[in-house]
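S.K.: Sharing a sequence plus its predicted fold:
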Amino acid sequence: MTTPVELHHVIDGELVDSIDGRRFDSVNPTTQEVWATAPRGATADADRAVTAARRAFDDGPWPRMSPDERSAALHRLADLIVEHGDELARLDTVDMGKPFTQARAKDIPRSAQNFRFFADYARLAENESYPVATSHHMYTRYEPVGVTAAISPWNFPLMLATWKVAPALAFGNTVILKPAEQTPASCARLGELGIEAGLPPGVFNVLHGFGPGEAGEGLTTHAGVDLVTFTGESNTGRAIQKAVAPTLKRVSFEMGGKGANVVFADADLDKAVDWSIQAIFTNAGQVCLAGSRLYVQRPVYDEFLARFVERAESMRLGDPLDPATEIGPLASEEHWRKVTSYLDIAESEGAKILCGGQADGWWVKPTVLVNVDQEMRVCREEIFGPVVTVIPFDTEEEAVRLANDTPYGLNAMLFTENVRRAHRVAAALQAGTVWVNCFFIRDLRSPFGGFKQSGIGREGGKYSREFFTEPKAIIIEI
Ligand code: NAD
């Protein structure tokens, strides 16, 4: 076993350890060995990071720079992400088992693009002005809010962290990023690249550690933090909402999902099978947007299922660093235990495992569950693994009712060649994003977030500007 890599917090432009010197392990799920250790941030470390971010906001140059200057710094950071693309993709692969080819081709370019998009958006966005009668003129300014706590999950470690950090910085805030404890490495490196890109000290800090009672809660309860952008489980969102109440912080929550994927009999079945496979098995199903509930119209149910299962069974499990691997291990032992427990729950509830199941190590094969009832836990709870339920339906109304019968509302998909039906069903689905005959296509200007227990608020383009700024109306007598 090689000596674990030592990661650090990035606070006030410096690499530091926790005040009490404590560390925690990051385990490579492929080898099940500790490959890195990170400082375990306590509330005292959160306070130290907030003090730095507060000073940088209250007295430093960043919020007072022109959007052009901030934009240049963020483009430099994007350039560094591109330059270090192999290294960053490898860090996420080793930390959480994501296939390297997927991290390299998708997560890293998107992480750089998050910075480029918001750097440009903040620079180019237009402000309104209104003539008020003939005597007054009104215009809007979008002021930065202050110190942002960005709390991110482990499933797309770098990509989802940058989705929060980039807009927060672009609109002039200072940031403390708290990456998930399972995947600290790429965010630690991002903090270092922030220093190299010339971000002033305290503007972008990275604080490692756990949530309850430690680094995470230290941020959400801190009076010096103005806003919290969080991506993670809905239950964690509940805890954070309570924690921020006494200090009335602004929150943006992107939380769990149980995406419905509705395949109508008039769909292009080749396309529907292709996208449905990607929708549930990408990143071993550890995707908030996963299409984990498939509803297939009865006339094509047998044919669709046969083709879907054939594809699922042919997917290649293996070492995520091997370019041929499509399914890596699940991110951690704890998560692997959770996902496999749902296979037992499925059988005890009377569902049938048509294909898949547990594999050696922390891998789970692409798993298809049938004989599923809408009320079963496997159909209602977010499994967050490569496990899909398949239920037949007869009518469009029934499909919409089944798809909407969930506490979640992050996204949904539907496949049909009938354009009227496409619009009708897309309008009826209670979800923040609806993909018709496709999956995962995004434009960063569009609203992203969830209905019901999948989220509070939206981010993306002008929605991010609303969240990360204080719009101010100025009325002047002419
Ligand atoms: P999680 O909620 O366990 O943890 C997310 C982050 O919150 C981590 O950094 C964790 O340390 C921190 N945290 C935990 N408890 C906290 C507390 N009390 N106070 C402050 N911080 C706390 O989620 P996870 O397991 O890392 O990620 C998987 C979940 O994220 C799934 O539910 C998935 O659907 C969701 N997710 C949602 C989106 C989206 O865009 N809607 C995207 C990706 C993942």
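M.R.: Done, it's in.
S.K.: Which positions in the helix or strand hosting Arg116 come out as buried?
M.R.: Using DSSP states H and E, Arg116 maps to helix 108-124. By 16 or more other C-beta atoms under 10 Å, the buried positions in helix 108-124 come out as 108-119, 121-123. For every residue, glycine as well, the C-beta is placed using N, CA and C.
S.K.: out of those, who's nearest Ser276?
M.R.: Using C-beta to C-beta, Arg110 comes nearest to Ser276 of the buried residues of helix 108-124, at 22.2 Å.
S.K.: List the single closest residue to the closest one in space, sequence neighbours excluded.
M.R.: Met159 (5.2 Å; C-beta to C-beta, 6 or more residues apart in numbering).
S.K.: Contact partners for Phe439?
M.R.: 275, 278-279, 289, 291, 413 (C-beta atoms under 8 Å, 6 or more residues apart in numbering).
S.K.: could you redo the last one with a cut-off of 6 Å?
M.R.: 275, 278-279, 413 (C-beta atoms under 6 Å, 6 or more residues apart in numbering).
S.K.: and what of Ile11?
M.R.: Going by C-beta under 6 Å, 6+ apart, Ile11 touches 48-49, 52, 205.
S.K.: quick one: which of the residues you listed is most hemmed in?
M.R.: Using other C-beta atoms under 10 Å as the neighbour test, the contacts of Ile11 are led by Ala49, with 31 neighbours.
S.K.: that's a helix at it, yeah?
M.R.: Yes. Under DSSP: H, G, I helix; E, B strand; the rest coil, Ala49 falls within a helix.
S.K.: buried set for stretch 210-225?
M.R.: Buried-residue list, stretch 210-225, by 16+ other C-beta under 10 Å: 210-211, 214-222, 224-225.
S.K.: What about the ligand: which of these touch it?
M.R.: Checked against the ligand using C-beta under 6 Å from any ligand atom, the buried residues of stretch 210-225 yield the following neighbours: 210-211, 216-217, 220.
S.K.: Now for this structure, the helix or strand with the poorest mean pLDDT.
M.R.: strand 129-132 (a mean of 88; mean pLDDT, DSSP states H and E).
S.K.: Adjacent strands (with direction) for that one?
M.R.: Partners of strand 129-132 in the sheet, by DSSP bridges, are strand 136-144 (antiparallel).
S.K.: could you check whether the helix or strand that the partner strand is followed by is close to the ligand?
M.R.: Downstream of strand 136-144, the next assigned helix or strand under DSSP H and E is strand 147-151. Yes. Using C-beta under 6 Å from any ligand atom, we find that strand 147-151 touches the ligand at Ile151.
S.K.: circling back: which one of the buried residues of helix 108-124 is nearest to Gly85?
M.R.: Ile108 (4.5 Å).
S.K.: can you pull the pLDDT of the residue lying closest to that closest one once chain neighbours are set aside?
M.R.: Closest residue to Ile108 apart from its sequence neighbours, by C-beta to C-beta, 6+ apart: Gly85 at 4.5 Å. On pLDDT, Gly85 comes in at 98.
S.K.: again with Pro4
M.R.: Confidence for Pro4, expressed as pLDDT, is 96.
S.K.: Contact partners for it?
M.R.: Pro4 touches 34-37, counting by C-beta under 6 Å, 6+ apart.
S.K.: before we move on, back to that, and the contacts of the helix or strand harbouring the residue nearest to Arg110?
M.R.: Here Met159, judged by DSSP H and E, is contained in helix 157-170. For helix 157-170, contacts defined as C-beta under 6 Å, 6+ apart pick out 74, 88, 92, 107, 110-111, 114-115, 118-119, 122, 148, 150, 152, 175, 177, 179, 183, 186-187, 229, 231, 464, 468.
S.K.: The same query, at a cut-off of 7 Å, please.
M.R.: 70, 74, 88, 92, 95-96, 107, 110-111, 114-115, 118-119, 121-122, 148, 150, 152-153, 175, 177, 179-180, 183, 186-187, 190, 203-204, 229, 231, 459, 464, 468 (C-beta atoms under 7 Å, 6 or more residues apart in numbering).
S.K.: what ranges do the strands span in the stretch 151-300 of the chain?
M.R.: 174-178, 204-206, 227-231, 250-254, 260-263, 293-297 (DSSP state E, counting those that start in this stretch).
S.K.: Tell me the helices and strands packed up against the first one.
M.R.: Applying 3 or more C-beta pairs under 7 Å, 6 or more residues apart in numbering; DSSP states H and E, one finds that strand 174-178 contacts helix 43-58, strand 147-151, helix 157-170, strand 204-206, helix 215-220.
S.K.: sorry, back to before: among the strands of the stretch 151-300 of the chain, which is nearest the ligand?
M.R.: Nearest to the ligand among the strands of the stretch 151-300 of the chain is strand 250-254; the distance by C-beta to the nearest ligand atom comes to 3.3 Å.
S.K.: Centre of the chain to the closest one, how far?
M.R.: 12 Å (C-alpha atoms, centre = their mean, to the nearest Å).
S.K.: Quick check: which ranges of the protein have low pLDDT?
M.R.: Applying pLDDT under 70 to the chain flags residues 1.
S.K.: which bits of it sit near the ligand?
M.R.: Counting by C-beta under 6 Å from any ligand atom, the chain sits next to the ligand at 151-155, 160, 178, 180-181, 210-212, 216-217, 220, 231-233, 236, 239-240, 254-257, 288, 382, 384, 410, 450, 455.
S.K.: Can you tell me which of those residues are buried?
M.R.: Buried among the residues of the chain next to the ligand by 16+ other C-beta under 10 Å: 151-155, 160, 178, 180-181, 210-211, 216-217, 220, 231-232, 236, 239-240, 254-257, 288, 382, 384, 410, 450, 455.
S.K.: one step back: how about the buried residues of stretch 210-225, which pair is most distant?
M.R.: Going by C-beta to C-beta, the pair spanning the buried residues of stretch 210-225 furthest: Phe210 and Gly224, at 20.3 Å.
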